[in-house]
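Chemist: sequence plus the predicted model coming up.
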Amino acid sequence: VDTFLYFFRAYRDENGRLVFNLRKIRRRYVRSFFLWNLLGNFPTTLLIYSGWKDHTDDGVADNAVIVLKGIDLLKLCRFVRISYLSSSSEAINEYKQNRKSQARLQLFRFAFALVALSHCFACFWSF
């Protein structure tokens with residue numbers, strides 16, 4: 001759903017004006033995040049368990065599973081969008097201007113980074 005909605009999300013151009021032209025929005029999205037979103041939404045787990053589960057005797061299937069797991073790591077690229085969206089949001093930019101909120105925002109960033117890093121370690125541990 002997120003990938004689909006990006007085709008309709010307005011953005012600010014170099015002059016700071018909001019762009020609502022769908023053709024420009026689509027062109028910009030296809031040139032920026034579309035490939036990463038498409039690869040991140042690729043159903044690698046479904047392919048692993050449907051096609052190669054029965055063919056693990058040969059090395060080709062094992063290599064294919066490794067490649068598919070590598071494609072799965074591209075889902076981490078979604079975190080790049082978080083910084084992009086937070087810098088383009090007017091509400092977050094106003095919140096950043098307040099001195100008290102800067103400390104809260106820094107604490108939230110640290111907690112989020114800690115949770116994300118713990119999650120990655122847990123995923124690598126189980127892999």
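Modeler: Perfect, I can see it now.
Chemist: contacts, neighbours, all on C-alpha from now
Modeler: Noted.
Chemist: longest helix anywhere in the chain?
Modeler: In the chain, taking DSSP state H as the definition, the longest helix is helix 99-126.
Chemist: which elements pack onto that one?
Modeler: helix 90-97 (3 or more CA pairs under 8 Å, 6 or more residues apart in numbering; DSSP states H and E).
Chemist: what about the helix it packs on, average pLDDT?
Modeler: The pLDDT scores in helix 90-97 average 69.
Chemist: cool, stretch 28-44 as well?
Modeler: Across stretch 28-44, the average pLDDT comes to 79.
Chemist: do stretch 13-20 as well
Modeler: On average, stretch 13-20 scores 86.
Chemist: ends of that stretch, what's the gap?
Modeler: Between the start and the finish of stretch 13-20 there is a gap of 10 Å, counting by CA to CA, to the nearest Å.
Chemist: what sits up against it?
Modeler: 9-12, 25 (CA atoms under 8 Å, 6 or more residues apart in numbering).
Chemist: re the thing from before, quick check: buried residues in the longest helix of the chain?
Modeler: Using 16 or more other CA atoms under 10 Å as the test for burial, helix 99-126 gives no buried residues.
Chemist: quick check: closest non-adjacent residue to Phe7.
Modeler: Sequence neighbours aside, Arg26 is the residue nearest to Phe7 in space, at 5.1 Å (criterion: CA to CA, 6 or more residues apart in numbering).
Chemist: the host helix or strand of the one you found: which residues count as buried?
Modeler: According to DSSP states H and E, Arg26 maps onto helix 22-31. For helix 22-31, the neighbour count (16+ other CA under 10 Å) marks 25-26, 29 as buried.
Chemist: which of those sits closest to Leu68?
Modeler: Tyr29 (24.8 Å; CA to CA).
Chemist: shouldn't that closest one be in contact with Leu5?
Modeler: No: with contact defined as CA atoms under 8 Å, Tyr29 does not reach Leu5; the gap is 10.5 Å.
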